[in-house]
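fold the following and give me the result.
(4 chains)
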There are 2 protein chains.
Amino acid sequence: MTANPFRDHDHAHCIADALTSAEAYCAAHKLQFTPVRHRVLEILLTKHRAMGAYDILSQLAAEGLGSQPPVVYRALDFLTRHGFVHKIERLNAFIACALPGAAHTPAFMICRACHAVAETPTDRPGVGLGAAAQEAGFEIEETVIEAEGLCPTCRKTAPRTEGPAA
Amino acid sequence: MTANPFRDHDHAHCIADALTSAEAYCAAHKLQFTPVRHRVLEILLTKHRAMGAYDILSQLAAEGLGSQPPVVYRALDFLTRHGFVHKIERLNAFIACALPGAAHTPAFMICRACHAVAETPTDRPGVGLGAAAQEAGFEIEETVIEAEGLCPTCRKTAPRTEGPAA
DNA sequence: AAACGAAACGTTATTCCATATCAAGACCTC
DNA sequence: GAGGTCTTGATATGGAATAACGTTTCGTTT
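Take a look at the predicted model:
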C-alpha cells in the first residue's frame, strides 16, 4: 500500500509489473493482448499521468500503429473493461491503473495545478452514499469518485492562484 | 429531506421555488440574473433531467435567445459557480440543483437505463477519502461523486441487460 | 449628462472527445 | 479449410468545449 501516492517510486519496475500482470491475465482469460492494446497500456504506464485519447493516438500514429480515433478508443475500452486503465471523467482522460489486483472501487485525487492524478482505494463500493441509495431503492453498479484540489507539491509552490502555471 | 429522490413531487412548486430563490440570491449578491441565465435555469428545472449543453442551446435558439455554444456555456458556468446547477461529469450534461441551500457536496445516482438523475447530500466533503487525502497531503477543494446503476423503476422492468435495449 | 470600466452577450471558427458504420484481415474452432 | 468471432483500418459524423474578436449594456464616476 503506497502511503503517499504522490511520492516517487520504482517506476520502471511498476511498468514491467503491470505489463506482466496484464499479459498473464489475458493469457489466463483467453483475451487477445494485441500490439495496439499492449502499446496503449505501455504508453499510459510510462507517461504515468492522465492522457487524452488523442494524445495517445498521436503517439500511436507516430509509431505506425493506427492513426484513427476508433483504434485508440477500442483499445482503451478493452483496457478499462478489464481494469488495466481508468477513465478520469473530470478530465475526459485516461490513466493506467496504479493498484492492479486491488478490489476495484478506486477514487482519484486530481491536482488542478500540475494535473497529477493519484489513485487510492476506497473502503467499499458506494462510499458514503450506500445508505442514500438503499433508501431510494437505487442499485449501485459503479461509482465515480474524483476529488480536485492541490497536491502536496503544488500547495507549496502555488497555494493560491489557479493560473496557467502548468 | 426527500426520502426518495426518484419519487414524484410537486414539480411546478419546486420550479417556482428554485427560480425565486435564485433571483433572491442574485439580488442579494448583486449578481445579474439575466434573461439567458434565467431561461437556462428554467429549462433545466422544467426538464428535470440531465441535459446536454447543445440540447439547452437548441431550445434557446428556438426562442431567439442566443444560438451559439458560448452563450449556453457561459450561462451554465454562472449557474454552476453559484450552485444553481450541477454538472454530471459522467454524462457531460447538466442538471438543476435539487437541494438548493443545502451545504453543497452533492452526490448523484444515475440510472443507466432511463438516465434519471437523483441528487443526494453527502455527510461531509471528501466522503470516504478524507483520510487518504490527508495522508497524501492532498488538499481537496471539490469532489465529484457519481454512482451509476439502476433506479427503482428500471430495476423492475429491466433488471438484467445492459445491452442495446436503450 | 458624458465618459469610463466591467460584465455580459453575439458571432465565427476551431479544437477536442467520442462513436457509428462498413470493409477487410487475423485468429480460433470445429 | 469453412465458418464464426474478434480485431483492425478507414471514412464520416456528432457532440462538447473554448479561442478570439467585437459589441452591447449597465452602473459608476466625474
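
how distant is the longest helix along chain A from the center of its chain?
Identified as the longest helix of chain A according to DSSP state H is helix A:11-28. Mean-position distance between helix A:11-28 and its chain equals 15 Å (Cα atoms, centre = their mean, to the nearest Å).

is any residue of it near DNA strand D?
No - figure legend: helix A:11-28 not in contact with DNA strand D (Cβ under 7 Å from any atom of the strand); closest approach 8.9 Å. The C-beta positions use only the backbone N, C-alpha and C, and glycine is treated the same way.

buried sites along that helix?
Within helix A:11-28, the residues that qualify as buried are A:15, A:18-19, A:22, A:25-26, counting by 16 or more other Cβ atoms under 10 Å in any protein chain shown.

walk me through the domains of chain A.
Under the assignment automatic domain parsing, the domains of chain A span A:11-96, A:106-157.

hey, least reliable of those by pLDDT?
Confidence, taken as mean pLDDT, is least for domain A:106-157 of these (a mean of 87).

now chain A against DNA strand C: closest residue?
Nearest residue of chain A to DNA strand C: A:Gly52, at 2.7 Å (Cβ to the nearest atom of the strand).

list the contacts of that residue.
For A:Gly52, the contacting residues are A:91-94, taking Cβ atoms under 8 Å, 6 or more residues apart in numbering or on different chains as the criterion.

ok, those vs chain B, which is closest?
Ranked by distance to chain B (Cβ to the nearest Cβ), those are led by A:Asn92 at 8.0 Å.

ok, that closest one to B:Gln134 distance?
Using Cβ to Cβ, to the nearest Å, we find A:Asn92 at a distance of 28 Å from B:Gln134.

helix, strand or coil: sort out A:Met109 for me.
Assigned with DSSP: H, G, I helix; E, B strand; the rest coil, A:Met109 falls in the strand class.

do you know how far it is from B:Glu148?
Separation of A:Met109 from B:Glu148 (Cβ to Cβ): 21 Å.

pick out whichever of the two has more residues nearby.
Set A:Met109 next to B:Glu148 and count neighbours by other Cβ atoms under 10 Å in any protein chain shown: A:Met109 wins out with 27 against 18.

which residues touch the more buried one?
A:Met109 sits next to A:5, A:117-118, A:120, A:147, A:149, A:151, B:129, B:132-133, B:136, B:138, B:140 when contact means Cβ under 8 Å, 6+ apart.
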